[in-house]
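*Asks:* sequence first, predicted model second:
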Amino acid sequence: MTRLYLFLAVLFAVLMALPLVLGNYVLGIFVMVYFWAYVGQSWNVLTGYTGHISLGHALYLGVGAYATTYFAQNFGLSPWIGMFLGGFIASAIGLFLGFLGFRFGMRGVYFVILTIAFAEITRLIVSHMEALGSFTGIFLDFDPSFLHFQFRGNVPYYYISFGFMVVSMVVVRTIERSRLGRFMVAIRENEEAAQALGVNTFKYNMLAIAISAYMTALAGAFYANYIFYLHPNSMFGMATSIELILRPIVGGLGTIFGPVLGSFILSPLSEISRAYFSKGGLEGLHLILYGVVAILVVLFMPKGVIVYVTKMLNPILKPETARQGKRGDDADGR
């Protein structure tokens, strides 16, 4: 365990020092790595730990982005404050969706359809609201300052997105070790059995979707003030939801490091291949490569890459456990 914490401390220090040696373009890639790791972790709270699959999580990302931008442009409210208000709005929507799904017994594919429907309905509503930019979207004015959550260069965004990712891991770890986390896992493994044993499954499902929606909405505020343009199709569309869920699926569902590892694999691949193929006039080819990698991982590593990475690092980070395992194998062989 000591080696594990030492390894994580060294890794943390290295990542904190990267802006000292990397250029602005590479830092931009890392910003998106951390961003998608955070968003994937937020989705992981619901789907990874309760087993309820949401394919409409772009809804909460879009709500957070639009709410923060609306409060800033119309009321002069700093995004640092508006992002939390956006989180509460997203949680309220998530609780309403959850009430319809969990109270009326919508499970499996029916719950999936419900999440898609909510995201699509919200996209259509926003597309017809003049106050939210309608079909043309919203352009954010660039006014760099800490108060406005806008900065020159990628270094500030690097540290903010890195902080988001680290905090999300701490939150998920805290949930995992709590009573809430244990009940969520029980629901994932067998909801009927958990309910028979006295677990209030409706309550803990609602808590899971509220936390997941709130966390995702905070990322929307970051995205708005990093990209400076919001459009209903990109913020609430199915493509964003798919992009969001691929990281934890590839990395490993229901784990703390899975979404992070998945983002470190997929995000650089997406960004670098997009830039490379665009230079050769092969726009869009990066999506094929991206999809092939995702399919291969799902086919040959169904539990996520984290399982195989853990096996490789276990002899180094936990030598005692590895030796005990080897002795057990030897004993079985005899």
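*Replies:* Yep, it's here.
*Asks:* and stretch 84-92, which residues are buried?
*Replies:* For stretch 84-92, a neighbour-count test (16 or more other CB atoms under 10 Å) marks 84-87, 89-91 as buried. Where C-beta positions appear, they are placed from N, C-alpha and C, glycine not excepted.
*Asks:* what does stretch 103-111 give?
*Replies:* By neighbour count on 16+ other CB under 10 Å, the buried set for stretch 103-111 is 106, 111.
*Asks:* for it, give me every contacting residue.
*Replies:* Stretch 103-111 has contacts (CB atoms under 8 Å, 6 or more residues apart in numbering) with 52-54, 100-101, 114, 191, 202.
*Asks:* filter those residues down to just the ones in helices.
*Replies:* 114, 191, 202 (DSSP state H).
*Asks:* burial of the closest residue to the last one other than its chain neighbours, as a residue count?
*Replies:* Distances taken as CB to CB, 6 or more residues apart in numbering put Phe102 closest to Phe202, at 5.3 Å, once the chain neighbours are dropped. Applying other CB atoms under 10 Å, we find 23 other residues in the vicinity of Phe102.
*Asks:* same question, Asn205
*Replies:* 24.
*Asks:* again, but for Ala9
*Replies:* Applying other CB under 10 Å, we find 10 other residues in the vicinity of Ala9.
*Asks:* and whichever strand or helix holds it, how far from the chain's centre?
*Replies:* If you go by DSSP states H and E, Ala9 is part of helix 2-17. Between the mean C-alpha location of helix 2-17 and the chain-wide mean there is a distance of 22 Å, by CA atoms, centre = their mean, to the nearest Å.
*Asks:* do stretch 86-98 as well
*Replies:* Taking CA atoms, centre = their mean, the mean C-alpha location of stretch 86-98 is offset from the chain mean by 17 Å.
*Asks:* for that stretch, give the mean pLDDT please.
*Replies:* In this model, stretch 86-98 has a mean pLDDT of 95.
*Asks:* same check, this time on stretch 56-73
*Replies:* For stretch 56-73, mean pLDDT rounds to 94.
*Asks:* and that stretch, how far out from the chain's middle?
*Replies:* Taking CA atoms, centre = their mean, one finds the center of stretch 56-73 at 15 Å from the center of the full chain.
*Asks:* what ranges do the helices span in the protein?
*Replies:* Counting by DSSP H, one finds helices in the chain at the ranges 2-17, 24-50, 58-75, 79-98, 109-127, 155-177, 179-196, 201-227, 232-236, 238-251, 258-279, 285-300, 305-317, 319-333.
*Asks:* pick out the shakiest of the ones you listed, pLDDT-wise.
*Replies:* Lowest mean pLDDT within the helices of the chain: helix 319-333, a mean of 47.
*Asks:* just name the closest of the ones in helices among the contacts of stretch 103-111 to Arg247, please.
*Replies:* Closest approach to Arg247 among the ones in helices among the contacts of stretch 103-111 (CB to CB): Leu114, at 22.8 Å.
*Asks:* just to revisit the earlier point, any chance of a PyMOL selection covering the buried ones in the ones in helices among the contacts of stretch 103-111?
*Replies:* With 16+ other CB under 10 Å as the burial test, the buried ones among the ones in helices among the contacts of stretch 103-111 are selected in PyMOL as follows:
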select buried, resi 114+191
